[in-house]
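Colleague: model the structure of this input:
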Amino acid sequence: MLDIIRNRQEKCCDGVSRRGFLRIGTLSTALTPLGIANLSLSDLTRIRATTSKQQSNGLGKPTKSTSVVWLWLGGGPTHIETFDPKMTAPVEFRSVTGAIPSKVPGMEFGGTFSKMAQVADKMALVRSFAHRNSGHGGGTHWVMTGHNFVAADNGGGQKHPGIGSIMSHFRGLTTPTGLPSYVRFRQILGDGPAWLGPSYSPFDVQGKAKKNMQLRLRGETLDERKTLLKELDRFDRQLDKSGAMKGMDSFEQQAFELIMSKSKDVFDLKNENQKIRDLYGKGLGEELLIARRLCEAGVGFVTIHYGGWDMHGGIEKAMKSRGQMLDHAVSTFIADCAQRGLDQDILLVITGEFGRTPRINKGAGRDHWAPLSTLALAGGGLKMGQVVGQSSSKAEIPKSAPISPQDLMATVFHVLGIPQELKVKDPTGRPTPFIDGGKPIAELI
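Modeller: Purely as a prediction, here's the structure:
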């Protein structure tokens, strides 16, 4: 017997109530559900069918096939022990992990980033990135969306759309291969669509979404597949008396076709060369490898949340714990993309909600500090092998003109081919620009 249950009452982090799981029960076999950012496959294909209509309205036609991998260091990474060690500053300000020189003049890395230093010619370190919200929620919202929202520090949720959702709205929700255009590894405040609508939420690779990618049938015969499609045709129209379910047969069949396609194999590292898998390693390395595979397959935006950077105490030990895995995974990703000729097409962004206080505190750690924040970039066809901007002598504030989250957002728009002047009607019906004063980082273009 086939059970299809639809429930749209789940509360999302951005304040939108919706759930779109398609659950298929037993058919003398086991077929696991596929949740795509709380959207079912049939939801995805139904949305996909609207993409051409959006494009005809001028909202969805991409101008580039580039991608962004947004590596989020949740908790607020220290800018000093990562990309601005300041070894000429007094001892209480300089990097407690020391510094690693690179072959690029003036481009030093924190002491746990020896492997990144080896690919410095393929990176750009931004040392004047700054904003004014040193709260976890507010700082995250500002960097993720380009807009400050003070209420986010007190559980206020998300007010403005995240960059990935904007890209999804502009390019369309799925790629030509049927993959979602926006994918995430674990939730980040501000990564959702806000008033763009839940359709533009990211596909969440973690948990059920990835696990349920696997279609487990007792047999692989054509008869069993036909039986499943026949059962899908029995969809109970009584579940939605408003008529919203009317005409769903084609969407259910498209969903089945997509789950049987090879597009899901992009997520499965069993399909990757074992030597490459060993090179990347486990944990963050695996996630960056999947991100590279997704971008190769046409996914436009991938976010990876790698937390543990709220280092109020014992920063030297903490950096060795978190920093070494980051160093290995990032340097491998950068080198791999360059070797494959993908460095012109994939931009890696490494950032977090803010930096850390320049002066070491009594607990041998650093506290929240937005006036100078952490940012490094690699690839995307931008000018690499340079330091962009300057910080003050003690890494307290920008010495050169500050680079803001809006400027970062404008730079990402540039890489993705999203018009800087793009406007979309907000819930009040007012055409609202996403870029409000920000400009692409000039040194990188």
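Colleague: just the helices in the stretch 51-200 of the chain please.
Modeller: 114-118, 136-145, 163-171 (DSSP state H, counting those that start in this stretch).
Colleague: how many other residues sit next to Phe203?
Modeller: Residues lying near Phe203 (other Cβ atoms under 10 Å) number 26. Glycine gets a C-beta too; all of them are placed from N, C-alpha and C.
Colleague: what's opposite it in the beta bridge?
Modeller: With DSSP bridges applied, Phe203 shows beta-bridge pairing to Val183.
Colleague: offset the numbering so it begins at 278, please.
Modeller: Sure thing, new numbering starts at 278, so read that last one as Phe480.
Colleague: distance of it from Phe390?
Modeller: Distance, Phe480 to Phe390, using Cβ to Cβ, to the nearest Å: 31 Å.
Colleague: same question, Val689
Modeller: 23 Å.
Colleague: those two: which is more packed in?
Modeller: Using other Cβ under 10 Å as the criterion, Val689 and Phe390 rank with Phe390 on top: 28 against 24.
Colleague: quick one on the thing from earlier: out of the helices of the stretch 328-477 of the chain, flag the one nearest Pro717.
Modeller: helix 440-448 (13.5 Å; Cβ to Cβ).
Colleague: per-residue pLDDT of the residue lying closest to Gly467 once chain neighbours are set aside, please?
Modeller: The shortest distance from Gly467 to any non-neighbouring residue, by Cβ to Cβ, 6 or more residues apart in numbering, is to Met421 (3.0 Å). We have a pLDDT of 98 for Met421.
Colleague: separation between Met421 and Lys594?
Modeller: Note on Met421: its distance to Lys594, by Cβ to Cβ, is 29 Å.
Colleague: ok, these two, which is more surrounded?
Modeller: Set Met421 next to Lys594 and count neighbours by other Cβ under 10 Å: Met421 wins out with 27 against 14.
Colleague: got the contact list for the more buried one?
Modeller: Trp349, Gly439, Ile440, Ile465, Leu466, Gly467, Asp468 (Cβ atoms under 8 Å, 6 or more residues apart in numbering).
Colleague: where does pLDDT dip in this protein?
Modeller: By pLDDT under 70, the weakly predicted segments of the chain are 278-340, 484-539.
Colleague: for it, longest helix please?
Modeller: Criterion DSSP state H: the longest helix present in the chain is helix 592-616.
Colleague: in that helix, what's buried?
Modeller: Residues 592-593, 595-596, 599-600, 602-615 are the ones in helix 592-616 that count as buried (16 or more other Cβ atoms under 10 Å).
Colleague: any idea which element Ala653 lies in?
Modeller: If you go by DSSP states H and E, Ala653 is part of strand 652-656.
Colleague: other SSEs contacting that strand?
Modeller: Where contact means 3 or more Cβ pairs under 8 Å, 6 or more residues apart in numbering; DSSP states H and E, strand 652-656 is packed against strand 400-403, helix 592-616, strand 623-628.
Colleague: swap the cut-off to 6 Å and go again
Modeller: Counting contacts by 3 or more Cβ pairs under 6 Å, 6 or more residues apart in numbering; DSSP states H and E, strand 652-656 packs against strand 400-403, strand 623-628.
Colleague: okay, those strands in CSV with mean neighbour count and distance to Gln683 next?
Modeller: Formatted as CSV, those follow (neighbours: other Cβ atoms under 10 Å; distance: least, Cβ to Cβ, whole Å):
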stretch, mean neighbour count, distance to Gln683
strand 400-403, 26, 14
strand 623-628, 24, 14
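Colleague: so what touches stretch 572-583?
Modeller: Residues from elsewhere that reach stretch 572-583 (Cβ atoms under 6 Å, 6 or more residues apart in numbering): 344-351, 441, 444, 448, 452, 454, 456, 458-463, 465, 468, 543, 561, 564, 568, 571, 623.
Colleague: hmm, try it at 7 Å
Modeller: Stretch 572-583 is contacted from outside by 342, 344-351, 440-441, 444, 448, 452-454, 456, 458-465, 468, 479, 543, 561, 564-565, 568, 571, 603, 619, 623, 693, using Cβ atoms under 7 Å, 6 or more residues apart in numbering.
Colleague: and those residues, which of them are in strands?
Modeller: Judged by DSSP state E, these include Ser344, Val345, Val346, Trp347, Leu348, Trp349, Tyr459, Val460, Arg461, Phe462, Ile623 as members of strands.
Colleague: tell me the one of those residues nearest Gln435?
Modeller: Nearest to Gln435 among the ones in strands among the contacts of stretch 572-583, with distances taken as Cβ to Cβ, is Arg461, at 13.7 Å.
Colleague: which of the contacts of stretch 572-583 are buried?
Modeller: Buried among those (16+ other Cβ under 10 Å): 344-351, 440-441, 444, 448, 452, 456, 458-465, 468, 479, 543, 561, 564-565, 568, 571, 603, 619, 623, 693.
Colleague: tell me the contacts of Asp545?
Modeller: Counting by Cβ under 7 Å, 6+ apart, Asp545 has no contacts.
Colleague: ok, it to Arg570 distance?
Modeller: Distance of Asp545 to Arg570, given as Cβ to Cβ: 9 Å.
Colleague: follow-up on the earlier one: looking at the helices of the stretch 328-477 of the chain, which is closest to Asn550?
Modeller: Closest to Asn550 of the helices of the stretch 328-477 of the chain is helix 391-395 (Cβ to Cβ; 20.6 Å).
Colleague: correct me, but Gly439 touches Thr422?
Modeller: Yes. Counting by Cβ atoms under 7 Å, Thr422 is a contact partner of Gly439 at 5.5 Å.
Colleague: which of these two has more neighbours?
Modeller: Taking neighbours as other Cβ under 10 Å, Gly439 and Thr422 compare with Gly439 leading, 31 against 27.
Colleague: which residues in the stretch 278-427 of the chain form strands?
Modeller: With DSSP state E, counting those that start in this stretch, the ranges of strands along the stretch 278-427 of the chain come out as 344-349, 376-377, 386-387, 400-403.
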